Each structure stands twice: as structure tokens, then as C-alpha cells.
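Engineer: sequence first, predicted model second:
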Amino acid sequence: MRRQSREQAEHEAAKGTTATPEACAREIMEVVPPVMRFIRTQMRRHSQPSLSIPQFRSLAFLSRCPGASLSAVADHLGVTPPTASSLVERLVRRGLVMRAVAPEERRRVELRLTPSGLEHLEQSRSATRSYLATLLSTLPPAELHALSRGLGILREALKDVAFDRNGGCPDGRADPAVRHPRGG
């Protein structure tokens with residue numbers, strides 16, 4: 001076993017593909033952003049045609065953080081509260097988001113997905129997962145296993161800093177039924 005590892009290390013070094021923390025960090029920085037763009041593009045492709053990217057991101061955020069405030073949506077999108085207000089108003093008119101007064105703080109308005117908004121988002125996620133699985137089905141089983149193992153290792157290595165329990169939600173408002181890591 002030790003001999004194989006040494007031979008493998010020598011082979012990788014000869015090819016210039018030695019795995020170092022720096023090389024892995026560089027590769028993660030190169031691979032993850034295009035993968036996220038691909039996922040967002042596919043999810044939007046499978047959503048309602050007139051839904052903008054910020055609207056779609058708002059639905060995904062409210063799915064992870066039910067009961068979030070308008071300012072939390074604005075912070076998530078990186079827009080001003082008036083811009084977020086207009087965006088959310090359009091989602092409310094389309095029946096995808098609902099507003100409710102927070103029971104513990106009457107001045108605060110909570111935002112939640114309606115059943116229609118949740119169904120719409122889940123249909124997009126399901127179609128994207130299916131499309132991604134079709135693309136990955138061309139990989140040999142050994143590469144699929146290696147990919148799965150590598151993603152598991154990445155998740156474990158970053159679990160304390162990237163996969164917070166609250167899914168990036170303000171005030172710990174993450175839906176406990178929603179699995180994180182973050183998306184959208």
C-alpha cells in the first residue's frame with residue numbers, strides 16, 4: 001500500500017499534478033464558480049419564464065430561511081431595501097411569496113414561500129438534478145465514486161466555516177427540514 005502511494009505520488013509529481021493544499025484551493029476556486037453558474041442557469045431554465053435571476057434567488061433564499069425579513073432578502077441579493085421591496089412585491093402578486101406579521105414583533109413582516117412558490121422551486125431543483133445526473137452518467141463508475149468521495153471530503157473540510165447550521169440565514173431562521181449546504 002505504501003509503495004503504491006509513493007509510486008502514485010511520483011507519477012503525479014512527474015505530471016505536475018501533485019496535490020497540495022494550494023493546488024487544491026486553486027482548483028476549487030476555478031471549478032466551483034462555473035459549477036454554480038451552471039446550476040443557477042439550469043434552475044432558472046426550468047423555472048417560470050418571466051422570473052428574473054434575483055427573483056429566483058429570492059425564492060431559493062426564502063426556501064432556506066422562511067420568515068426572513070425584507071432587509072434580509074436585500075442583504076442576500078446585495079440590493080437596497082426599496083429594490084428588494086419591489087422585487088418581493090412582484091413575487092407576492094404572482095402568488096409565490098406571502099407576507100405575514102411576525103407573532104413576536106408586530107412591526108416586523110416575515111416573508112415565506114407559498115405552496116405554489118415552494119412547488120415551483122422544487123420543480124426547478126428536480127429538473128436541474130435530473131439534467132446534471134444525465135450529464136454525469138457518461139462518467140465511468142470509478143470516476144463517479146472519486147467525484148462523490150472528493151465532494152464528501154470538501155464538505156467535511158469546510159463544514160465549520162462554509163456549511164453553517166443556519167444556511168446563511170439571519171437570526172437563525174433556517175428551516176430545519178431543509179438540508180444545507182447553501183444554494184441560490
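Structural biologist: Thanks, I have it.

Engineer: could you use CA atoms for every contact and neighbour count after this?
Structural biologist: Will do.

Engineer: buried residues, the helix or strand Glu30 falls within. List them.
Structural biologist: If you go by DSSP states H and E, Glu30 is part of helix 21-45. Applying a neighbour-count criterion of 16 or more other CA atoms under 10 Å, one finds Ile39, Arg40, Gln42, Met43, Arg44 buried in helix 21-45.

Engineer: any chance you could map the strands in the protein?
Structural biologist: With DSSP state E applied, the chain shows strands at 97-102, 105-113, listed in chain order.

Engineer: can I get these in a markdown table including mean neighbour count and mean pLDDT?
Structural biologist: Formatted as a markdown table, those follow (neighbours: other CA atoms under 10 Å; pLDDT from 0 to 100):
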| stretch | mean neighbour count | mean pLDDT |
| --- | --- | --- |
| strand 97-102 | 17 | 92 |
| strand 105-113 | 17 | 89 |
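
Engineer: need those strands in CSV (columns: distance to Met29).
Structural biologist: Formatted as CSV, those follow (distance: least, CA to CA, whole Å):
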stretch, distance to Met29
strand 97-102, 34
strand 105-113, 32
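
Engineer: could you check how many residues crowd around Ala133?
Structural biologist: 11 (other CA atoms under 10 Å).

Engineer: from Glu122, how far out is it?
Structural biologist: 16 Å (CA to CA, to the nearest Å).

Engineer: kindly report the same for Pro103.
Structural biologist: 28 Å.
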